[in-house]
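What follows is a protein structure lacking sequence information:
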């Protein structure tokens, strides 16, 4: 049931975006309305193919409904859409369409889930976890430590030559 609702919502969004693309970029539809053009093709192909065909026609610089028709007929024969544009082009073309609500905006905000508290009352403030054991170097002196100490000590009078 949930999957059918999501698919239906996706189809509606793709349909609205296809209509908006046809209108915004001024496609010559030979006297047909954008809604009529989309409805006619919606009966024969998945609506997201129509949106992709409109974007492909834009990418190819072909602003006519006939061009979209040709692409869709070709894709029907192949059994899959073949587009040459990339995601950046799609984002640029669809990013500023007036009146198009993105699918993300249609999804209602989820109710917050109440989580069961498993920590005791005193553990809810800062420092919820056990402290990490700090590094403590060994007390024994290594030969390297002795050499470094010797280098770090100021020179004594007896070590210097006058």
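Great, that's in hand. This one's a predicted model, so the numbers in the text were calculated from it and none came from an experiment.

Now do stretch 50-65, average pLDDT.
Mean pLDDT, stretch 50-65: 93.

in it, what's buried?
Neighbour-count burial for stretch 50-65 flags 50-58, 62, 65 (criterion: 16 or more other Cβ atoms under 10 Å). C-beta here means a position set from N, CA and C on the backbone, and glycine is covered the same way.

again with stretch 25-40
For stretch 25-40, the neighbour count (16+ other Cβ under 10 Å) marks 27, 29, 34, 37-38 as buried.

out of those, what pair is the most spread apart?
Using Cβ to Cβ, the buried residues of stretch 25-40 reach their maximum pairwise distance at 27 and 38, which is 11.1 Å.

circling back to that earlier point, check the buried residues of stretch 25-40 against residue 69 and report the nearest one.
residue 37 (9.0 Å).

can you list the residues that contact stretch 16-23?
If you take Cβ atoms under 8 Å, 6 or more residues apart in numbering as the criterion, stretch 16-23 is touched by 27, 29, 34-35, 37-38, 47, 50-51, 54-55, 58, 65, 93-94, 97-101.

at 10 Å what do you get?
The contact list for stretch 16-23 (Cβ atoms under 10 Å, 6 or more residues apart in numbering) reads 27-29, 32-39, 41-42, 47-55, 57-58, 63, 65, 68, 93-94, 97-103.

Can I get the buried residues of stretch 50-65 in JSON lines including distance to residue 149?
Shown next, in JSON lines, are the buried residues of stretch 50-65 (distance: Cβ to Cβ, whole Å):
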{"residue": "50", "distance to residue 149": "79"}
{"residue": "51", "distance to residue 149": "74"}
{"residue": "52", "distance to residue 149": "73"}
{"residue": "53", "distance to residue 149": "78"}
{"residue": "54", "distance to residue 149": "77"}
{"residue": "55", "distance to residue 149": "72"}
{"residue": "56", "distance to residue 149": "75"}
{"residue": "57", "distance to residue 149": "79"}
{"residue": "58", "distance to residue 149": "75"}
{"residue": "62", "distance to residue 149": "81"}
{"residue": "65", "distance to residue 149": "86"}
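
What part of the protein, helix or strand, is modelled with the least confidence?
helix 103-106 (a mean of 51; mean pLDDT, DSSP states H and E).

what sits in contact with each of residue 27 and residue 38?
If you check residue 27 and residue 38 against Cβ under 10 Å, 6+ apart, the residues they both contact are 21, 54.

circling back: chain center to the helix or strand that the least confident helix or strand of the chain is followed by: distance?
For helix 103-106, the succeeding helix or strand toward the C-terminus, using DSSP states H and E, is helix 143-152. Centroid separation between helix 143-152 and its chain, computed with Cα atoms, centre = their mean, to the nearest Å, is 56 Å.
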